[in-house]
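Q: Model the following, please.
(chains A and B)
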Amino acid sequence: MSTMNEENYALSFDDLKVTFETSGPEVQAVKGLSLQVRPGEVVALVGESGSGKSVTSTAAMGLLPSNAKITGEAKVGNVNVVGLDQGKMRKMRATDIAMVFQEPMTALNPVLTIERQLTEALELHGIAYGGEATNRAIELLTMVGIPDPAKRIKQYPHQFSGGQRQRIVIAMAISCDPRVIIADEPTTALDVTVQAEILDLLRELKDRLNTGILLITHNMGVVADMADQVAVMFQGNLVETGSVDQVLMNPQHEYTQRLLAAVPRLTPVEIDETATHTSATAPVGRELVLEAKDLVLEYDMRGSTFRAVENVSFNVAKGEVLGIVGESGSGKSTIAKAVLGLLPVADGTLAVKGHNLPKLSPKEARKIRKDIGVIFQDPAASLNPRFPIGECITEPMVVHKVGTKQERINRALELLDAVKLPRNVINRYPHELSGGQRQRICIARALTMNPELLIADEPTSALDVSVQAVVLEMLQDLQRDFNFACLFVSHDLAVVDMLADYVVVMQSGKAVEQGPVKDVLHAPQHDYTRRLLAAAPVPDPVLQAERRAAWRELNATK
Amino acid sequence: MSNTNNKMPENLTSLAELEDAKLASSDEQSKSQSQIVWGRFLRHKPAMFSSILLVIIAIIAFTSIGYGPLPGWWKASYLEAGVVVNGGKPTLSLLPTWLGGSGIQWGEHPFGQDSVGKDYFALVMNGTQKSLIIAFVVGIVATFIGAIIGAMAGYFRGWVDEVLMRITDLFIVIPLLVLAAVLGQIASSSSGSIILLALVLGLVTWTGLARLVRGEILSLREREYVAAAQAMGSKTSRVIFKHLLPNTIGVIVVNATFAIAGAILLESSLSFLGFGVQPPESSLGLLISQYQNAFTTRPWLFWWPGMIIVAIALSVNFLGDGLRDAFDPRHTGHRRGLFSFLKNRKDRA
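A: Just a heads-up that it's a prediction; the model follows:
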């Protein structure tokens, strides 16, 4: 690679600046970025929201909206695409520069067969037509590991799984043999085990095709797993670039250091390998707040029922945190919904403080709700946009008719202090706050009534890494201070490891393994738990290489 | 941006701290959603112009001849016949003398006189009053019924939704004009009250809004703040009226304005066909129908009410347009798109 001269970059930016004209002041999204991607190399562009990483990649594709002002250079091969005519740019897409998007369901057209979508680019760019194009498409599907491609090419996107859809999107991206592929958060929407497979595929493809990849991600584990070079962006500036070992193992800029420190990791603990799980012999004297026995939950699907949770038993006592982990579709959020009374219990018992929820009258059930607080995943959707913050926080008091107006205001101020937000926020509106701040408001709202049980359904998975760290720390502190029981639903094992005392691992509606965190997550007995643990990438290139090898081994024995 | 940038501490290296610093240092006045929408509406020129026009029409219509027992400033009454002066031609003149006209003046009968010598200005103003009252009552009644039925159907789903939507379908499949004509005939002939006629029209025009609100509620009810409200033990009525309906206000308000514009036209059509307002009361549609034969000989008897119908319907429509743009800024029309396109082209050149 050292023999290459400057002309051979697959993609290069030189002092790229992007400014958006808005109705208010101008917004500088990218403030002078220089970066090179060589053929066969993966450059990871890392940053949190508002860092300008996605704007950079969109500029390279020539897809920025018309209110964007771009200066500097963005070269694909030898062609500067800044200010390039739309017609010429269109010819370059797919043949010179291609893109893999975050959401594989929305990136594919649901009403066209995979064949139509794959051959479209080939025919548009005159690479192959008709039967020849179909053959080439089948070849591409084989390359990305879709089984039985000749038959499946006639199918529609919804007939494939999420991971397979992303494979098809990748096949479309490589169909015209581009110089560079921009992968914008290609695995963020996928489960960890699927993510590991997709990363494997991308790595294999770029070696085979000698394509440059600009990988846009916020996940440091993915960076450690995939990248050769890393560029870190913060607020439109490039703060650090270097090889993956250099940046991840020995970061120079303070921002990178703090970002890496904020990534939750599974800290290894000393365990007695011979000891068996101790969940059966729970310590006596625990004051149970939530108890589920042989819980069965079903969704009504227009006549037929779908069993989302089957015979799951667990309990949470005062002052404890129970983590529920699993991939999408495992039923973990369904359990949270049932506890919140948003879904009826089909069978078994689900008792809050000894009261079995399915047996309660609506009035009694409403009374129980007073003792349950809730935090949801999406900070953008979990606060009513028409309520000022103060009203959002005190809503539970209004619902349960507690306190006078002044008492409610005082309680809101108290809680704002507890979540470390300025008191004047009380009259602001949710849209004026960032995602992390809104999530802290949700925490405050959950704690308004001093609940005995807190349900947290993926409370940090929509947040940036450093913001997540702040929110998790706050949750930990508050839990210690208020001593509530907490049901913590998450897909992130490292977060659960940090927060929870006990854990339930779920797979397709069944609890495959449960017990104290230190046993389950550090000495897993069940094969599925092991696979989950091995699939989650860690932000350490050397360690990750070992883990990748272990993951492949686990998969080979399956 | 430079203004806020200066206040920003430059040395922060964590997104969480940066966001908190921004929040603490921002001294901008907090704006609620309705204040933001209102601000956008005020900047929408066609909508502002239309509102002013509408208010002027309404003020003139109600103050000139008075309403009910309240007297107005116009001397003639719409009920009294008189001597036809100058073939009943309008005396309103807008051309100043130095342009060859007869000067700016109202004259005795600004809109002219009808065949029996009634002052046509008073008649048209009476018709405008009636049309406006009917339009707004219809708008309010239809919006109220539509929003409630739509919200119930969208929130409860299942059999409630089925029943309510089949009733809606029933109203939709019967041609609106026929239904309104039959009911309007009964309402106006039995009591002669235009309010009753307006209520009846409201009862048959709520269907479109019910469907729109239902769709909106169906998607809103999946939001997490609704789940949070349910989980904290809120009653159903609170969830619907505090959390769901206020968030559909955009759809509701915009559609209410279009319903009002539609009601003006519906009332005009009904009165034109003789099923709406009955003489001696008048409405704009009724005036047109009475004098349609006079179009060739005395065109002003046709033009005045016609122009006012168009003016009211158009301004209410523009008002709705402005409200829609204000509630949903992504929904900017061609007008702004064209301007920004031309501006960008100039910038590039």
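Q: any weak-confidence spans in the chain?
A: Here I'm looking at chain A. Confidence mapping of chain A against pLDDT under 70 gives the ranges A:1-7, A:268-284, A:558.
Q: could you do chain B instead?
A: For chain B (pLDDT under 70), the answer is B:1-11, B:27-28, B:87-88, B:91-107, B:188-192, B:329-349.
Q: Write out the residues of it neighbouring chain A.
A: B:1-4, B:13-16, B:18-20, B:23-24, B:26, B:30-34, B:223-225, B:227-235, B:238, B:242-243, B:246-247, B:340-341, B:344 (Cβ under 8 Å from any Cβ of the partner chain). The way it works is simple: take the backbone N, C-alpha and C, and place the C-beta from them, glycine included.
Q: Type out the ChimeraX command that picks the buried ones from the residues you listed.
A: Remark: buried members of the residues of chain B next to chain A, expressed as a ChimeraX selection using 16 or more other Cβ atoms under 10 Å in any protein chain shown:
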select /B:13,14,15,16,18,19,20,23,32,33,223,224,225,227,228,229,230,231,232,233,234,238,242,243,246,247
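Q: taking the residues of chain B next to chain A one by one, which sit in strands?
A: In strands, judged by DSSP state E, none of the residues of chain B next to chain A are found.
Q: What helix or strand is A:Val512 located in?
A: Assessed by DSSP states H and E, A:Val512 sits inside strand A:510-516.
Q: What is the distance between that strand and the centre of its chain?
A: 23 Å (Cα atoms, centre = their mean, to the nearest Å).
Q: chain center to the helix or strand following that strand, what's the gap?
A: Using DSSP H and E, the next helix or strand after strand A:510-516 towards the C-terminus is helix A:517-520. Chain-centre distance of helix A:517-520: 23 Å, with Cα atoms, centre = their mean.
Q: before we move on, what about stretch A:48-67?
A: 20 Å.
Q: okay, how far is it across it, tip to tip?
A: 23 Å (Cα to Cα, to the nearest Å).
Q: does that stretch come close to chain B?
A: Yes: Stretch A:48-67 lies within reach of chain B by Cβ under 8 Å from any Cβ, at A:48-50, A:66-67.
Q: coming back round to it: for the strand holding A:Val512, give me every contacting residue.
A: With Cβ atoms under 8 Å, 6 or more residues apart in numbering or on different chains as the test, strand A:510-516 has contacts from A:277-279, A:310-314, A:501-506, A:520, A:524-526, A:528-529.
Q: Of these, which belong to helices?
A: Those of the contacts of strand A:510-516 mapping onto helices are A:520, A:528-529, per DSSP state H.
Q: Quick check: closest non-adjacent residue to the residue in the stretch 301-450 of chain A positioned nearest to chain B.
A: Proximity of the stretch 301-450 of chain A to chain B (Cβ to the nearest Cβ) peaks at A:Arg369, 3.2 Å away. Take A:Arg369 and drop its neighbours on the chain: the residue closest to it by Cβ to Cβ, 6 or more residues apart in numbering or on different chains is B:Gly233, 3.2 Å away.
Q: wait, isn't that neighbour in contact with A:Val399?
A: Yes: counting by Cβ atoms under 8 Å, B:Gly233 does reach A:Val399; the two are 5.7 Å apart.
Q: what residues are shared contacts of those two?
A: Counting by Cβ under 8 Å, 6+ apart, B:Gly233 and A:Val399 have no common neighbour.
Q: PyMOL command to pick out the buried ones of the contacts of strand A:510-516?
A: Buried residues among the contacts of strand A:510-516 (16+ other Cβ under 10 Å), as a PyMOL selection:
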select buried, chain A and resi 279+310+312+314+501+502+503+504+505+506+520+524+528+529
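Q: right, and A:Gly47 touches A:Val232 too?
A: Yes: contact criterion Cβ under 8 Å: A:Gly47 and A:Val232 qualify, at 6.5 Å.
Q: helix, strand or coil for the closest residue to B:Arg221 other than its chain neighbours?
A: If you skip the residues right next to it in sequence, B:Arg221 has B:Tyr155 as its closest partner in space, 5.9 Å away by Cβ to Cβ, 6+ apart. The local conformation at B:Tyr155, judged by DSSP: H, G, I helix; E, B strand; the rest coil, is helix.
Q: OK, contacts around B:Tyr155?
A: B:217, B:221, B:236, B:239-240, B:244.
Q: repeat for A:Asp207
A: A:Gly40.
Q: Does it lie in a helix or a strand, and which?
A: With DSSP H and E as criterion, A:Asp207 is part of helix A:192-209.
Q: follow-up on the earlier one: narrow the residues of stretch A:48-67 next to chain B to just the buried residues.
A: A:48, A:50.
Q: Pull the most distant pair out of the residues of stretch A:48-67 next to chain B.
A: Spatial extent of those (Cβ to Cβ) is set by the pair A:Glu48 and A:Ser66 at 26.7 Å.
Q: hey, where'd the strands end up in the stretch 101-250 of chain A?
A: A:180-184, A:212-217, A:229-234, A:237-243 (DSSP state E, counting those that start in this stretch).
Q: One more: the stretch 101-250 of chain B?
A: Using DSSP E, counting those that start in this stretch, strands in the stretch 101-250 of chain B do not occur.
Q: in it, what residue is nearest chain A?
A: B:Gly233 (3.2 Å).
Q: Could you find the closest non-adjacent residue to B:Leu245?
A: B:Ala151 (5.7 Å).
Q: which stretch of helix or strand covers A:Glu258?
A: Small correction: residue A:258 is Arg, not Glu. Going by DSSP H and E, A:Arg258 is in helix A:254-262.
Q: That helix near chain B at all?
A: Yes: with Cβ under 8 Å from any Cβ as the criterion, chain B is reached by helix A:254-262 at A:254-255, A:258-259, A:262.
Q: swap in stretch A:426-440?
A: Yes: under the criterion of Cβ under 8 Å from any Cβ, chain B is reached by stretch A:426-440 at A:427-429, A:431-434, A:436-437.
Q: three-state assignment of the spatially most central residue of chain B?
A: Among the residues of chain B, the one closest to the centroid is B:Thr257, at 3.1 Å (Cα atoms, centre = their mean). Of the three states, B:Thr257 takes helix according to three-state DSSP.
Q: residues near the spatially closest residue to B:Leu218 that is not a sequence neighbour, how many?
A: Spatial nearest neighbour of B:Leu218, excluding adjacent residues (Cβ to Cβ, 6+ apart): B:Gly154 at 4.6 Å. Close neighbours of B:Gly154, defined as other Cβ atoms under 10 Å in any protein chain shown, add up to 26.
Q: Run through the residues that contact B:Gly154.
A: With Cβ under 8 Å, 6+ apart, B:Gly154 has these contacts: B:161, B:213-218, B:220-221, B:244.
Q: repeat that with 6 Å
A: B:214, B:217-218 (Cβ atoms under 6 Å, 6 or more residues apart in numbering or on different chains).
Q: Any chance of the residues you listed in JSON lines with neighbour count as columns?
A: As requested, the contacts of B:Gly154 are exported to JSON lines (neighbours: other Cβ atoms under 10 Å in any protein chain shown):
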{"residue": "B:Arg214", "neighbour count": "24"}
{"residue": "B:Ile217", "neighbour count": "26"}
{"residue": "B:Leu218", "neighbour count": "15"}
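Q: Nearest to A:Glu120 among those residues?
A: B:Leu218 (33.6 Å).
Q: Quick check: residues of chain A near chain B?
A: Contact residues, chain A versus chain B (Cβ under 6 Å from any Cβ of the partner chain): A:25-26, A:48, A:66, A:254-255, A:258, A:340, A:342, A:366, A:369, A:374, A:376, A:378, A:381-386, A:396, A:399, A:422, A:427-429, A:434, A:436, A:464, A:466-467, A:470.
Q: Among those residues, which ones are in helices?
A: A:254-255, A:258, A:366, A:369, A:396, A:399, A:436, A:466-467, A:470.
Q: In those, find the pair that's most separated.
A: Of all pairs drawn from those, the one with the longest distance (Cβ to Cβ) is A:Glu254 and A:Arg366, at 49.9 Å.
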